[in-house]
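Novice: My questions are about this predicted structure, shown below with the sequence.
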Amino acid sequence: QVQLVESGGGSVPAGGSLRLSCVASASCTYDSRWYRQAPGEERLFVSAITPGGSTTYVDSVKGRFTISQDKSKRTLYLQMNNLEPEDTAVYYCKCTVLSGTELVDSWGQGTQVTVSA
């Protein structure tokens, strides 16, 4: 499995910005994703990026969040602007590797994002 270390979480007022980082021990050859989990809720998809740079976002963050990657550093980013209290959650990165015909997922430990009204 790929080891993932996240950083960049914190507490900001509504309208603020944060940039999350996720450093991987190896390349995510299938895709890389961000998820978030609010207290008492299930873990939900936020954004994804392929090795080729194609991106997808959940509707609620489109226009506010930007996913990117620096493959030379094996680092995934999530730039979060115009944050809203509803964005408060633990954010997790996920790395998916294609191993033969099998997709193998690895998860980071999570980083807390708290947005105050």
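Specialist: Arrived safely, thanks for sending. Residues are numbered from 1 along each chain as shown.
Novice: for the helix or strand where R36 lies, packing partners?
Specialist: Assigned by DSSP states H and E, R36 belongs to strand 31-37. Packing partners of strand 31-37 (3 or more CB pairs under 8 Å, 6 or more residues apart in numbering; DSSP states H and E): strand 18-24, strand 44-49, strand 65-70, strand 75-80, strand 89-99. In this view, the C-beta of every residue, glycine as well, is placed from N, C-alpha and C.
Novice: Next, the residues that contact that strand from outside, please.
Specialist: 20, 22, 24, 43-51, 67, 69, 76, 78, 87, 89-96, 110, 113 (CB atoms under 8 Å, 6 or more residues apart in numbering).
Novice: Going through those, which ones are buried?
Specialist: Buried members of these, counted by 16 or more other CB atoms under 10 Å: 20, 22, 24, 43, 46-49, 67, 69, 76, 78, 87, 89-96, 110, 113.
Novice: Spatially central residue for this protein, please.
Specialist: Nearest residue to the geometric centre of the chain (CA atoms, centre = their mean): W34, 2.6 Å.
Novice: so E86 sits in a helix?
Specialist: Yes - assigned with DSSP: H, G, I helix; E, B strand; the rest coil, E86 falls within a helix.
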